[in-house]
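Undergrad: Sequence plus the predicted model coming up.
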Amino acid sequence: PAMVSEIVAKLMAKNAEDRYQTALGLQHDLNICSEQWEATGTIDRFELGMRDLSDRFTIPAHLYGREREIQTLLASFDRVASPAENRVCNGAAELILVAGCSGIGKTAIVNEVHKPITRQHGYFIKGKFDQFNRHLPLSAFVQALRDLTRQLLSESDAQLQIWRTQLSIALGDSAQVIVEVIPELEQIIGSQPPAIELSGTAAQQRFNRLFQKFIQVFTTPAHPLTIFLDDLQWVDSASLKLMQLLLAASPGGYLLLIGAYRDHEVSIAHPLMLTLTEIVKSQATVQTIALQPLSIDHLNQLVAETLTCKATIAQPLTSLIYQKTQGNPFFATQFLKALHQDNLLWFDRQVGYWHCELTKIQSAALTDDVVEFMAIQLQKLPRVTQNILKLAACIGDSFDLDTLAIVSGQTAFQVADDLWIALQAVLVVPQSEVYK
């Protein structure tokens with residue numbers, strides 16, 4: 001029956017918040033179906049989930065107020081991925097920049113286009129520049145291409161053989177130069193003879209040329225390539241040069257570069273801005289998306305869906321959160337979590353809805369400085385969790401459990417136990433589901 005089909009569809013919804021939140025909510029809807037079927041042999045339409053109110057505090061993963069920006073990114077990908085004869089632009093690769101302050105959602109909107117791109121058989125890879133590793137040239141590009149190589153290794157033997165042939169032709173006798181920075185590549189093309197030794201400018205030019213050739217293997221109509229470079233405010237000069245070369249050397253298109261940066265940390269004299277001026281002069285297609293804070297209406301939608309209540313009921317709490325966070329999405333969600341953790345926002349089981357004491361929240365000593373606020377949240381963690389996070393931060397913005405275990409002098413099991421609360425608080429973000 002149609003209503004049973006809709007119940008199954010709700011159970012299988014893509015987003016967790018669109019599924020049933022409680023077994024009781026599901027049971028209530030199934031009982032209605034069962035009673036109607038036994039009484040009449042048919043099931044009339046009714047609204048699902050009317051008794052499905054969860055007492056678990058969950059902030060929806062949905063992005064609010066970013067539809068236009070996501071469409072701009074997807075339109076750029078569609079242009080570079082379209083056949084050359086269908087293009088109205090010059091057909092070259094494109095660069096699209098996402099600018100905004102910390103926590104405004106730059107990375108989130110780029111990650112949102114990941115699935116649509118891969119659905120069109122495109123490769124989506126990403127790397128992140130590190131504030132404390134600026135001395136390492138091309139670090140974000142290397143991260144991204146190692147990610148791509150790992151994706152290739154998961155493909156069929158027949159497809160892997162095609163990649164082996166194409167990469168061997170592209171890199172030639174100098175393949176070992178790339179293998180040294182992307183070790184996983186050796187599993188595809190096999191062991192390589194040592195490359196002729198060069199020094200200074202000649203070595204750098206050869207490296208850039210090989211990097212270009214490596215990337216161009218994957219910029220084809222069959223599988224366009226999107227490279228996302230995060231935190232460009234910390235970019236190194238070699239990466240800026242490579243960006244210029246890639247945009248100039250991909251006249252056939254099928255390459256989309258996406259860069260995100262904190263605009264308040266990039267002045268007009270920043271190397272990134274100077275390079276962008278040169279890229280624009282070369283007639284490459286460059287766009288910038290300047291992300292703004294959420295409007296109070298979009299923030300209210302977030303609060304209402306978090307508390308599963310009507311927008312009008314959520315409005316007073318939204319106004320207070322907006323006053324504290326000025327519409328910064330990251331700060332707003334962290335602020336909501338802090339209210340829940342401090343028992344200023346709780347689920348009233350007797351009446352079946354979320355409740356908050358606005359007067360207590362207003363009088364609470366809650367800072368409106370996002371850095372100070374996050375520091376306070378870190379200080380609430382158990383001492384062992386704070387200590388393990390300090391060591392993890394020393395490794396870098398990305399770390400693995402085994403290395404952290406060695407650094408801390410503990411077993412991997414002990415380290416995982418110490419990290420668990422930070423994972424629950426989303427202060428540490430797993431790179432895959434393997435961590436479970």
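TA: Done, it's in.

Undergrad: contacts, neighbours, all on C-alpha from now
TA: Noted.

Undergrad: Using CSV, list the CA coordinates for stretch 241-249.
TA: C-alpha atoms of stretch 241-249 as CSV (Å, rounded to 0.1, in the frame of the first residue of the first chain):
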residue,chain,number,x,y,z
LYS,A,241,52.7,28.9,-9.6
LEU,A,242,51.3,25.5,-10.2
MET,A,243,47.7,26.9,-10.1
GLN,A,244,48.7,29.4,-12.8
LEU,A,245,50.3,26.7,-14.9
LEU,A,246,47.3,24.4,-14.6
LEU,A,247,44.8,27.0,-15.6
ALA,A,248,47.0,28.0,-18.6
ALA,A,249,47.8,24.5,-19.7
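
Undergrad: in that stretch, what's buried?
TA: Buried residues in stretch 241-249, counting neighbours by 16 or more other Cα atoms under 10 Å, are found at 242-244, 246-248.

Undergrad: Quick one: mean pLDDT over that stretch.
TA: Across stretch 241-249, pLDDT averages out at 86.

Undergrad: For the helix or strand bottoming out on mean pLDDT in the chain, name the packing helices and strands.
TA: In the chain, no helix or strand scores lower on mean pLDDT, DSSP states H and E than helix 358-363, which sits at a mean of 81. Helix 358-363 makes packing contacts with helix 311-325 when contacts are defined by 3 or more Cα pairs under 8 Å, 6 or more residues apart in numbering; DSSP states H and E.

Undergrad: Assumed Ile7 was part of a helix.
TA: Yes: checked against DSSP: H, G, I helix; E, B strand; the rest coil, Ile7 lies within a helix.

Undergrad: Confirm for me that it is in contact with Leu48.
TA: Yes: with contact defined as Cα atoms under 8 Å, Ile7 reaches Leu48; the gap is 7.5 Å.

Undergrad: Could you name every residue contacting both of those two?
TA: Asp29 (Cα atoms under 8 Å, 6 or more residues apart in numbering).

Undergrad: picking up where we left off before, could the buried residues of stretch 241-249 go into TSV alongside distance to Phe228 and secondary structure?
TA: What follows is the buried residues of stretch 241-249, written out as TSV (distance: Cα to Cα, whole Å; DSSP: H, G, I helix; E, B strand; the rest coil):
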residue	distance to Phe228	secondary structure
Leu242	14	helix
Met243	12	helix
Gln244	15	helix
Leu246	14	helix
Leu247	14	helix
Ala248	18	helix
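
Undergrad: Ile169: which of those residues is nearest?
TA: Ranked by distance to Ile169 (Cα to Cα), these are led by Leu246 at 19.0 Å.

Undergrad: Let me see the contact set for that closest one.
TA: 93, 212.

Undergrad: roughly how far apart are it and His270?
TA: 21 Å (Cα to Cα, to the nearest Å).

Undergrad: ditto for His135
TA: 17 Å.

Undergrad: all strands of the chain, in order?
TA: Along the chain, the segments classed as strands by DSSP state E run 94-100, 123-128, 225-230, 255-262, 285-290, 345-348, 353-356.

Undergrad: Dump the C-alpha coordinates for the fourth one into CSV.
TA: Once side chains and other backbone atoms are set aside, the C-alpha atoms of strand 255-262 remain, and they are given as CSV (Å, rounded to 0.1, in the frame of the first residue of the first chain):
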residue,chain,number,x,y,z
LEU,A,255,39.5,20.8,-14.8
LEU,A,256,37.8,22.8,-12.0
LEU,A,257,40.0,24.3,-9.3
ILE,A,258,38.1,25.4,-6.2
GLY,A,259,39.9,27.4,-3.5
ALA,A,260,38.7,28.6,-0.1
TYR,A,261,40.3,31.2,2.0
ARG,A,262,39.6,33.5,5.0
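
Undergrad: what distance separates it from the centre of its chain?
TA: Centre-to-centre, strand 255-262 and its host chain are 13 Å apart (Cα atoms, centre = their mean, to the nearest Å).

Undergrad: other SSEs contacting it?
TA: Contacts defined by 3+ Cα pairs under 8 Å, 6+ apart place strand 255-262 against helix 67-81, strand 94-100, helix 106-112, strand 225-230.

Undergrad: who touches the first one?
TA: Spelled out, that is helix 67-81. Against helix 67-81 from outside (Cα under 8 Å, 6+ apart): 87, 91-94, 96, 109-110, 112-113, 116-117, 221, 224, 226, 253-256, 289.

Undergrad: Likewise for the shortest one?
TA: Under the criterion Cα under 8 Å, 6+ apart, residues 77, 107, 110, 122-129, 140-141, 144, 218-219, 254-261 lie in contact with strand 225-230.

Undergrad: between that strand and strand 94-100, how many degrees?
TA: Here strand 225-230 runs at an angle of 30 degrees relative to strand 94-100 (axes from the mean of the first three to the mean of the last three Cα atoms, to 10 degrees).
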